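Enquirer: Sequence first, predicted model second:
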Amino acid sequence: MTFAATPIAFIGGGNMASAILGGLLREGLDPKLVDVVDPGAPARERLAREFGVTVHETAGAALARSAIVVWAVKPQIFRDAARAAAPHTSRALHLSVAAGIRSDSIAAWTGSERIVRSMPNTPALVGLGMTALYARSAVSAEDRNVVQQVLAPTGATLWVPQEQQLDAVTALSGSGPAYVFYFIEAMTRAGVEMGLPEEQAQALAIGTFRGASELARSSQEPPAVLRERVTSKGGTTYAALTSMDESRVADHFVQAMHAACRRAAELGDEFGRDAT
Ligand SMILES: NC(=O)C1=CN([C@@H]2O[C@H](COP(=O)(O)OP(=O)(O)OC[C@H]3O[C@@H](n4cnc5c(N)ncnc54)[C@H](O)[C@@H]3O)[C@@H](O)[C@H]2O)C=CC1
Ligand SMILES: O=C(O)[C@@H]1CCC=N1
């Protein structure tokens with residue numbers, strides 16, 4: 001199966017659906033093969049206008065043609081959305097992007113075992129996403145290959161062997177772009193406080209993240225060595241990092257990510273199969 005000729009449905013047409021769909025259409029998927037279900041009129045209008053796909057207010061028989069169903073709804077409404085779509089999607093390969101919702105729940109709601117859970121991130125919008133994938137045992141090598149093709153236009157993919165590891169991925173790369181934006185905001189604020197115009201401070205902060213990321217990615221050295229190379233003894237970086245260590249910034253940051261990981265697991269409990 002080549003994805004360019006594969007009918008595909010999206011349940012939920014928001015940020016993540018748009019990122020994946022946009023990538024697929026850029027790579028040559030025919031928009032006539034795409035159905036999107038979203039009860040939100042503005043989302044439907046935007047998807048039809050931007051992508052030329054077929055939009056539906058509710059799930060129905062039109063979904064029966066789809067070989068792949070991408071679940072891109074919030075965890076809180078996954079169960080209701082799944083119950084509405086399940087009668088029409090029993091033959092499909094299911095790909096979920098929802099945080100926390102376990103594949104046991106998705107299997108119970110859809111009546112299917114062909115389920116891949118994924119955790120993408122929003123840089124998928126510019127083709128630089130990081131997506132981790134977990135497949136249930138019923139998923140064939142060919143299905144895995146199809147999922148990788150579907151996500152390839154959004155960036156890099158990797159498989160994790162244990163479903164629980166997706167909670168860690170969620171805390172790391174799923175939520176991670178928000179941490180980077182948080183640091184960009186803080187660095188910009190500091191630049192302004194120290195006398196720079198906001199526009200320049202923000203450009204310097206964004207460019208620094210971009211350059212440092214590329215350096216870390218392309219270098220043979222680990223990030224700790226690259227950090228040490230910036231840090232002259234008794235110099236400015238040393239002053240900043242000493243202040244961060246005194247405030248235990250790294251410890252607090254690690255704790256914050258544990259909170260995100262715990263929340264991912266809680267979402268699975270709160271909104272999963274056994275939730276009341
Ligand atoms: N935004 C992010 O950075 C990431 C989000 N995710 C996951 O992706 C999923 C979707 O998140 P976003 O796209 O950011 O949310 P979003 O709010 O942009 O999109 C969700 C869409 O679902 C629609 N919807 C509501 N009820 C529905 C129903 N019954 N049937 C079909 N569609 C319905 C909404 O109208 C909305 O357009 C979530 O489960 C989230 O955990 C995963 C990785 C990163
Ligand atoms: O904040 C969230 O719950 C979702 C999952 C990862 C990024 N956004």
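Expert: Cool, got the structure. Ligands and ions are numbered 1, 2, ... in the order given.

Enquirer: Just list what the lowest-mean-pLDDT helix or strand in the chain packs against, helices and strands only.
Expert: Here the helix or strand of the chain ranked lowest by mean pLDDT, DSSP states H and E is helix 15-26, holding a mean of 93. Packing contacts for helix 15-26, counted by 3 or more Cβ pairs under 8 Å, 6 or more residues apart in numbering; DSSP states H and E, involve strand 8-11, strand 34-37, helix 41-51, helix 141-151. Glycine gets a C-beta too; all of them are placed from N, C-alpha and C.

Enquirer: Could you list the buried residues of that helix?
Expert: 16-25 (16 or more other Cβ atoms under 10 Å).

Enquirer: Touching, residue 150 and residue 24? I think so.
Expert: Yes. Residue 150 lies in contact with residue 24 (Cβ atoms under 8 Å); the separation is 6.5 Å.

Enquirer: follow-up on the earlier one: in TSV, list the buried residues of helix 15-26 along with distance to ligand 1.
Expert: Output for these, formatted as TSV (distance: Cβ to the nearest ligand atom, whole Å):
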residue	distance to ligand 1
16	4
17	6
18	7
19	8
20	10
21	11
22	12
23	14
24	15
25	17
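
Enquirer: and the spatially closest residue to residue 68 that is not a sequence neighbour, how many neighbours?
Expert: Residue nearest to residue 68 in three dimensions, not counting chain neighbours: residue 8, with 4.5 Å by Cβ to Cβ, 6 or more residues apart in numbering. Residue 8 has 25 neighbours, counted by other Cβ atoms under 10 Å.

Enquirer: Quick one: residues contacting residue 8.
Expert: Counting by Cβ atoms under 8 Å, 6 or more residues apart in numbering, residue 8 touches 24, 29, 33-35, 66-70, 150.

Enquirer: quick one: which of the residues you listed has the most company?
Expert: Neighbour-wise, the contacts of residue 8 (other Cβ under 10 Å) top out at residue 69, 30 neighbours.

Enquirer: could you measure the residue nearest to residue 68 against residue 73, distance?
Expert: As judged by Cβ to Cβ, to the nearest Å, residue 8 and residue 73 stand 16 Å apart.

Enquirer: sorry, back to before: can you give me how far the least confident helix or strand of the chain is from the chain middle?
Expert: From the chain centre to the centre of helix 15-26 is a distance of 12 Å (Cα atoms, centre = their mean, to the nearest Å).

Enquirer: and the angle from that helix to helix 41-51?
Expert: 20 degrees (axes from the mean of the first three to the mean of the last three Cα atoms, to 10 degrees).

Enquirer: Could you export helix 15-26 as CSV, keeping only the C-alpha atoms?
Expert: C-alpha atoms of helix 15-26 as CSV (Å, rounded to 0.1, in the frame of the first residue of the first chain):
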residue,chain,number,x,y,z
ASN,A,15,-3.4,21.4,15.3
MET,A,16,-1.9,17.9,15.1
ALA,A,17,-4.3,16.7,12.4
SER,A,18,-3.4,19.7,10.3
ALA,A,19,0.3,19.1,10.8
ILE,A,20,0.1,15.5,9.6
LEU,A,21,-2.5,16.2,6.9
GLY,A,22,-0.5,19.2,5.6
GLY,A,23,2.6,17.0,5.3
LEU,A,24,0.8,14.2,3.5
LEU,A,25,-0.8,16.5,1.0
ARG,A,26,2.6,18.1,0.3
